[in-house]
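Visitor: mind folding the following:
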Amino acid sequence: MRSICVVGTGYVGLVTGACLAELSNQVTCLDRAVEKIERLRAGKLPIYEPGLQPLVERNLEAGRLRFTASYAEGVADANYLFIAVGTPTVNGGAGADMQYVESAARSIAEHLRAPAIIVNKSTMPVGSGDLVSAIIGEHLRATSLSVAVVVNPEFLREGSAVQDFLQPDRVVLGSSDRAAAQRVAELYLPLRAPIVIADLYTAEMIKYASNAFLATKISFMNEIARICDRLGADVKEVAAGMGYDKRIGRAFLDAGLGYGGSCFGKDIRALAHMASEAGLHPELLEAVMKINQDQRHFVLDKLEMELGAPGSLRDKIIAVLGLAFKDNTDDMRDAPALDLVNWLIKAGAQVRAFDPVAMERARQMLPDHGII
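Guide: Below you'll find the model as predicted:
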């Protein structure tokens, strides 16, 4: 049985830890938030994710999963240490804030007492593998220890994250130490999934390129939807007809409010920022972001026109069904509904909003106008 420590108990860390425990590993999930850890020890999850609650409960009861707020306890016997902390945006919403990654790497190094593999699970800018390696080297107290860094980007969709982990399309690994990457690959062998092993930079870029492409499909279809609206075509039928082409595929061709959440927006901004920093002009990425933001306004404009004319929303009672950025999650980060509800209220409408699982978080983020 392998000993694993997962640093961070958010969407990525908690799902990763629980699923690795399900694969018969001894897993410790580590988070500095003591109250959160106490709730997790009692089986109370801080997030809603289908299938995660019974997974956590089952592995807690089996003794394969535990939670701690202590680096000394979490790092002590671990052969693999996954960094799964947040990387929010900085620099005006473009670059990634690496302070939590740096802090985790520093704390891991200070408590390591045996050879280990550090696995970058968080989405980090290209070159972050080198950064983590440098921090480990600088703060490692037992300098004779063998420590390797492997990039293992996550491809977990909120709402189906457990299934995505246990039935992945592929597992991506990157490292300058091929043997270390192979050892991490062994963790995933029970899943019988294709495993891609590349260098550090390539593995990091696969994550960004994947999310940028999916975001591009969403913005492309929303652009087509606007054209269909003007020309009298049915965008749903257009998407269905396109989807039969295997080169295109049906996924992510649904017109709507555009993408939201903590991943697509953050990752495509970060990729555009990295490109700009490298002296390039990421025009396609910029267009994808602009179309996505404009789409939220487009829906409001269309609603006004359906009701008569600009200004026609005043005193209208409007229901908003669905508040999280997608179904089967309570995540409200960058949810299109937040903008839509606030704009409706500003336009004088009376809003009634509902979401099957995100009501508690929505109450914390939406203005107190009796909308929920």
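
Visitor: pretty sure R66 is in a strand, no?
Guide: Yes. Assignment of R66 by DSSP: H, G, I helix; E, B strand; the rest coil places it within a strand.

Visitor: contact partners for it?
Guide: V27, T28, C29, R41, L60 (Cβ atoms under 8 Å, 6 or more residues apart in numbering). The way it works is simple: take the backbone N, C-alpha and C, and place the C-beta from them, glycine included.

Visitor: from the residues you listed, which ones fall inside helices?
Guide: R41, L60 (DSSP state H).

Visitor: what is the neighbour count of F155?
Guide: F155 sits with 17 neighbouring residues when counted by other Cβ atoms under 10 Å.

Visitor: before we move on, what about V85?
Guide: Residues lying near V85 (other Cβ under 10 Å) number 26.

Visitor: could you do the one 4 residues further on as well?
Guide: Taking other Cβ under 10 Å as the neighbour definition, T89 ends up with a count of 17.

Visitor: show the pLDDT at it.
Guide: Per-residue confidence (pLDDT) for T89: 82.

Visitor: list the contacts for it?
Guide: G95, A96, D97, K266, R269, A270.

Visitor: what about the fifth one, distance to A96?
Guide: Distance of R269 to A96, computed by Cβ to Cβ, to the nearest Å: 9 Å.

Visitor: ranges for the strands of this structure?
Guide: 3-7, 26-30, 65-68, 80-83, 89-90, 95-96, 116-120, 147-151, 171-174, 195-198, 317-321, 350-354 (DSSP state E).

Visitor: do you know which of the ones you listed lies nearest W343?
Guide: Minimum separation from W343 across those (Cβ to Cβ) falls at strand 350-354, 9.9 Å.

Visitor: let's have the contacts of R66 in JSON lines, adding distance to I318, pLDDT and neighbour count.
Guide: Formatted as JSON lines, the contacts of R66 follow (distance: Cβ to Cβ, whole Å; pLDDT from 0 to 100; neighbours: other Cβ atoms under 10 Å):
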{"residue": "V27", "distance to I318": "46", "pLDDT": "98", "neighbour count": "26"}
{"residue": "T28", "distance to I318": "48", "pLDDT": "98", "neighbour count": "23"}
{"residue": "C29", "distance to I318": "42", "pLDDT": "98", "neighbour count": "27"}
{"residue": "R41", "distance to I318": "43", "pLDDT": "95", "neighbour count": "12"}
{"residue": "L60", "distance to I318": "44", "pLDDT": "97", "neighbour count": "18"}
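
Visitor: pull the most distant pair out of the contacts of T89.
Guide: Using Cβ to Cβ, those reach their maximum pairwise distance at D97 and R269, which is 12.3 Å.

Visitor: average pLDDT across stretch 183-191?
Guide: Rounded mean pLDDT across stretch 183-191 is 98.

Visitor: which of the residues in that stretch are buried?
Guide: For stretch 183-191, the neighbour count (16 or more other Cβ atoms under 10 Å) marks R183, V184, A185, L187, Y188 as buried.

Visitor: repeat for stretch 102-112
Guide: Within stretch 102-112, judged by 16+ other Cβ under 10 Å, the buried ones are E102, A104, A105, R106, S107, I108, A109, H111, L112.

Visitor: now tabulate the buried residues of stretch 183-191 in JSON lines and tack on distance to P282.
Guide: Converted to JSON lines, the buried residues of stretch 183-191 look like this (distance: Cβ to Cβ, whole Å):
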{"residue": "R183", "distance to P282": "36"}
{"residue": "V184", "distance to P282": "31"}
{"residue": "A185", "distance to P282": "32"}
{"residue": "L187", "distance to P282": "34"}
{"residue": "Y188", "distance to P282": "32"}
